[in-house]
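**Q** What follows is a predicted structure for the sequence shown.
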Amino acid sequence: MKSFIEGLPKAELHLHIEGTFEPELMFKIATRNGIELPYESVESLHKAYDFSELQDFLDIYYQGMNVLLTEQDFFDLTRAYLIKVHADNVRHVEIFFDPQGHTSRGVEFATVIHGIHRALVQAEAEFDISSKIIMCFLRHLDEEDAQRTLQAAAEFKHLIAGVGLDSSESGNPPEKFKRVFAQAREQGYHIVAHAGEEGPPEYIIQALDLLKVERIDHGNTAMQDAALIERLVDEQIPLTVCPLSNLKLCVVDNLAQHPLREMLDRGLRVTINSDDPAYFGGYMNANFIAVENALSLGKNRLARLARNGFEAAFIDDARRQELLAELDRYLEVHL
Ligand code: HPA
Ligand code: ZN
């Protein structure tokens, strides 16, 4: 099953580029930029990755991104991620970034997006990995801050496919951002939002009704609401599920209790993603292998997960057909 997963062509649709910051690269860039990290070594930083909820992780995640200053830093970060997922046979990626996590520190929007974009262009040429960039608003900040960020993004709109919503979910409902998401929609961005990771099913409903999302990031708590499950199935709204993230942030106690298999069997359009792989203990294949080991999904469900990824991606029809055909060829031989 491991080799079946390794060879399976995949898309990653829920990935925070700042969450791919491996300790080794973090120390290297910190040294290069003359910044002192509050950890003595790679090992002591690793030891801090013991989270009991989302906020524990976010505190360390924002601290880590503080060392990113130059376009080269963002290039190196993105390049390192792409090399990892190329080895996992990931064929398409949609990368989140948190502009406010950088502009609030005096790093220009242009610096961030150009560094990320340059690495993506190189990976397209070198690895035939296609990609999109999605900027996320930090939901613990107010809506005006998100609106200023949307304005700052305008000159880079040709590089940004969509707008999302991340950071501390509890107490920050989608409703808080309905005006800025209406503006983003009018400007033609794709729309996604984190919802139902720690927040109640009501937040997923708000994301659908008020933000008019095309996909839900996470969506775990939908399983508490039968009517919502039915709606998500009827409307075939993709859910970008992140198993190892859910485990590390104690959204589930163990992977055997993860709802992924039930989600699939109920007809929800779920995909598997790594979220913040440097912090949560694994990239795409590690996520697939962990859920297969815990839930015995079998090849047909694993193939469905891969197919859902390509079907839910924000790509044009030609690229989608190309990737689905590649998946079909693989399954003809290996299923
Ligand atoms: N949830 C919310 N905000 C985030 C996450 C997440 O999993 N990763 C990075 N920012
Ligand atoms: Zn996320």
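**A** Good, I have the coordinates. Ligands and ions are numbered 1, 2, ... in the order given.

**Q** so residue 99 touches residue 150, yeah?
**A** No - if you go by CB atoms under 8 Å, residue 99 and residue 150 don't touch, sitting 9.6 Å apart. The way it works is simple: take the backbone N, C-alpha and C, and place the C-beta from them, glycine included.

**Q** who's more crowded, the two?
**A** residue 99 (24 against 20; other CB atoms under 10 Å).

**Q** residue in the stretch 151-300 of the chain nearest to ligand 1?
**A** Nearest residue of the stretch 151-300 of the chain to ligand 1: residue 166, at 3.6 Å (CB to the nearest ligand atom).

**Q** Give me the neighbour count for that residue.
**A** Other residues near residue 166 number 27, with proximity taken as other CB under 10 Å.

**Q** secondary structure element for the closest residue to residue 130 other than its chain neighbours?
**A** Distances taken as CB to CB, 6 or more residues apart in numbering place residue 92 nearest to residue 130, at 4.7 Å, with adjacent residues excluded. Assessed by DSSP states H and E, residue 92 sits inside strand 90-97.

**Q** what's the offset of whatever helix or strand comes next after that strand from the middle of its chain?
**A** Counting by DSSP H and E, the next helix or strand C-terminal to strand 90-97 is helix 99-103. Averaging C-alpha positions (CA atoms, centre = their mean, to the nearest Å) puts helix 99-103 17 Å from its chain's average.

**Q** Averaged pLDDT, helix 99-103. What do you get?
**A** Averaging pLDDT along helix 99-103 gives 98.

**Q** Would you give the sheet partners of the strand holding residue 92, along with the direction of each?
**A** Strand pairing for strand 90-97, using DSSP bridges, gives strand 10-16 (parallel), strand 130-138 (parallel).

**Q** Tell me which of those sits most buried.
**A** Neighbour counts (mean count of other CB atoms under 10 Å) averaged over each of the strands paired with strand 90-97 peak at strand 10-16, with a mean of 27.

**Q** pLDDT wise, what is the residue nearest to residue 130 at?
**A** At residue 92, pLDDT is 99.

**Q** That one: how many residues sit nearby?
**A** Using other CB under 10 Å, residue 92 has 24 neighbouring residues.

**Q** ok, the nearest residue to residue 42 once chain neighbours are set aside to ligand 1 distance?
**A** Sequence neighbours aside, residue 23 is the residue nearest to residue 42 in space, at 4.3 Å (criterion: CB to CB, 6+ apart). Distance, residue 23 to ligand 1, by CB to the nearest ligand atom, to the nearest Å: 17 Å.

**Q** Contacts only, for residue 23.
**A** By CB atoms under 8 Å, 6 or more residues apart in numbering, the residues touching residue 23 are 42, 45-46, 278.

**Q** do the same with residue 326
**A** 9, 91.

**Q** part of a strand, is it?
**A** No - going by DSSP: H, G, I helix; E, B strand; the rest coil, the assignment for residue 326 is helix, not a strand.

**Q** Indicate whether stretch 82-97 makes contact with ligand 1.
**A** No - remark: stretch 82-97 sits outside contact range of ligand 1, by CB under 6 Å from any ligand atom, the gap being at least 7.4 Å.

**Q** May I have that stretch exported as CSV, CA atoms only?
**A** Taking C-alpha atoms only, stretch 82-97 is exported to CSV below (Å, rounded to 0.1, in the frame of the first residue of the first chain):
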residue,chain,number,x,y,z
LEU,A,82,8.6,21.9,-3.7
ILE,A,83,11.5,19.5,-3.6
LYS,A,84,9.8,17.5,-0.8
VAL,A,85,6.5,17.2,-2.6
HIS,A,86,8.1,16.5,-5.9
ALA,A,87,9.5,13.4,-4.2
ASP,A,88,5.9,12.6,-3.1
ASN,A,89,4.6,12.7,-6.7
VAL,A,90,2.5,15.8,-6.0
ARG,A,91,1.6,17.2,-9.4
HIS,A,92,-0.3,20.3,-8.5
VAL,A,93,-0.1,22.6,-5.4
GLU,A,94,-2.2,25.5,-4.1
ILE,A,95,-0.1,27.4,-1.6
PHE,A,96,-1.5,29.6,1.2
PHE,A,97,0.5,32.5,2.5
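
**Q** buried set for it?
**A** Judged by neighbour count (16 or more other CB atoms under 10 Å), stretch 82-97 contains these buried residues: 82, 84-86, 88-97.

**Q** which pair in the residues you listed spans the largest distance?
**A** Taking CB to CB as the measure, these span a maximum distance of 23.7 Å, between 89 and 97.

**Q** With distance to ligand 1 added, can I get the strands paired with strand 90-97 in a markdown table?
**A** Shown next, in a markdown table, are the strands paired with strand 90-97 (distance: least, CB to the nearest ligand atom, whole Å):
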| stretch | distance to ligand 1 |
| --- | --- |
| strand 10-16 | 4 |
| strand 130-138 | 7 |
